[in-house]
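# Need a 3D model of the following:
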Amino acid sequence: MSNWHAELPLLRTALSAGPFVVLTGAGLSTGSGIPAYRDAEGRWAHPAPVQHQAFMRDEAVRRRYWARSFVGWQRFGQAQPNAGHHALAELERQGHVHTVITQNVDGLHLAAGSHAVIELHGALRQVVCMACGQRHERTQVQTWLQALNPGFDPGRMDTVRTAPDGDAHLEEDVYGDFKVPGCPACGAGLLKPDVVFYGDNVPRERVAQAMACVADAAGLLVVGSSLMVYSGYRFAEQADRLGKPVIAINQGVTRADGLLAFKIEADCAQVLHMLAKT
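Numbers count the residues shown, from 1 in each chain. You can find the predicted model right below:
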C-alpha cells in the first residue's frame, strides 16, 4: 500500500495543469455496496458474466439473466453515490474534471451530480426492446417480472451475492421456471438491459466521443479500474500516445501500469474526497 497522503500533492499539481478526463471502474462503486469484478491481482471474483450472443439466441440464458437480475436489482437499485462520486462531481465544478468516462452501469455519477458523463457500457436503469427500440425504466420491468413470477423464492436474500452488473448468484435449479415478459410496446420484442454485454461492442459514436474528450483534456486519471478489458484500456493507450500523463488511483495491478506517471494504491473514495476538499 502506497503512502498516498505523500502522493496527493503530485495529483493536485497534475490536475492544476488543466482538466483531466476521469475513467472510472467498479472499484469506485464498492463503497456504495456494489462489488468489484476483479481482485487486486486482476483475477475474476465472480462467475463469468452473460455473453451478448448467448443472450440473444438462447431463451434459457435470458431466463437465467432476468431471474438473477430480478433478485440483484432489489439491492443494486437501492445503491447510492459514495464520497468518491460526490468528490468527482465537486472536482468537475472546480474545473479539474473535463469528463467522466465510466465503465460502470450503476448510474451513480449522474446521481451524484456530475454532468459531463459518458456511460461507456450503458446503464442498467433502462431496458431496451431489441425489436422496436422502445426503452423502458428498469423499475417498471421489475414490476412486470414480479407479476409474472409471484411465487419466485430465491432463498435468503442476505446470503445472495451480487456482481457489479446487478447479477445475483443463484443456484441453477432456482430459476428453471422463471417467466420473462416481452415488450408491451410491440407485443413480443425481446427485452434486454440497455448495457453492452461481453462479446458486444461499445457503439462507435460513444467511443469517438470519449476519444475526443481524452484528446481535448490535459491527461487521464484512472479510478478504480484494472483496465483488463480493452474498452477501457484503449483510452490509457490513447492518452500515452498523445503524450498526456496517465495516473491511476487503484488498489492492485492495472493493465496500464507500464504507462502510468504514478499510481496511488488506496481507497478511491477516500483519496478523491481529500482531493476535492483542498
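# after the lengthiest strand in the chain comes which helix or strand?
Ranked by residue count and defined by DSSP state E, the top strand of the chain is strand 122-129. Past strand 122-129, further along toward the C-terminus, the next helix or strand under DSSP states H and E is strand 135-137.
# How about residues contacting stretch 73-84?
28-29, 31-34, 106, 108-109, 111-112, 124, 138-139, 142, 157, 162, 166, 168, 223-224, 268-270, 272-273 (C-beta atoms under 8 Å, 6 or more residues apart in numbering). No exception for glycine: its C-beta is placed from N, CA and C like everyone else's.
# Per-residue pLDDT of Val160, please?
Looking at Val160, its pLDDT is 56.
# ugh, typo on my part, it should be Asp216
Taking Asp216 on its own, its pLDDT is 98.
# Tell me, how many residues neighbour it?
12 (other C-beta atoms under 10 Å).
# Quick check on it: phi, psi?
phi -90, psi -20 (degrees, to the nearest 10).
# and if you look at Ile264?
Backbone dihedrals for Ile264, given as degrees, to the nearest 10, come out at phi -100, psi 110.
# swap in the one 4 residues further on?
According to degrees, to the nearest 10, the main-chain angles of Cys268 amount to phi -60, psi -50.
# And Gly182, how far from Leu11?
49 Å (C-beta to C-beta, to the nearest Å).
# These two - which one has more neighbours?
More crowded of Gly182 and Leu11, by other C-beta under 10 Å: Leu11, with 22 against 14.
# contacting residues for the more buried one?
Contacts of Leu11 (C-beta under 8 Å, 6+ apart): Leu221, Ile247, Ile249, Ile264, Val271, Leu275.
# want to try CSV for those residues, with distance to Leu190 as columns?
Below are those laid out as CSV (distance: C-beta to C-beta, whole Å):
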residue, distance to Leu190
Leu221, 38
Ile247, 42
Ile249, 39
Ile264, 43
Val271, 42
Leu275, 44
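# Which of the residues you listed lies at the shortest distance from Glu7?
Ile264 (5.1 Å; C-beta to C-beta).
# now the longest helix seen in the chain: how far from the chain's centre is it?
Using DSSP state H, we find that the single longest helix of the chain is helix 59-76. With C-alpha atoms, centre = their mean, to the nearest Å as the basis, helix 59-76 stands 17 Å off its chain's centre.
# re the thing from before, only whichever of the contacts of Leu11 are buried, select them in PyMOL.
To isolate the buried members of the contacts of Leu11 in PyMOL, using 16 or more other C-beta atoms under 10 Å:
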select buried, resi 221+247+249+264+271+275
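# Please identify which of the contacts of Leu11 is nearest to Tyr230.
Nearest member of those to Tyr230, counting by C-beta to C-beta, is Leu221, at 19.1 Å.
# Any stretches of the stretch 51-200 of the chain with poor pLDDT?
154-175 (pLDDT under 70).
# What is the burial count for Val223?
Neighbour number of Val223 under other C-beta under 10 Å is 24.
# Many thanks, I have nothing further to ask.
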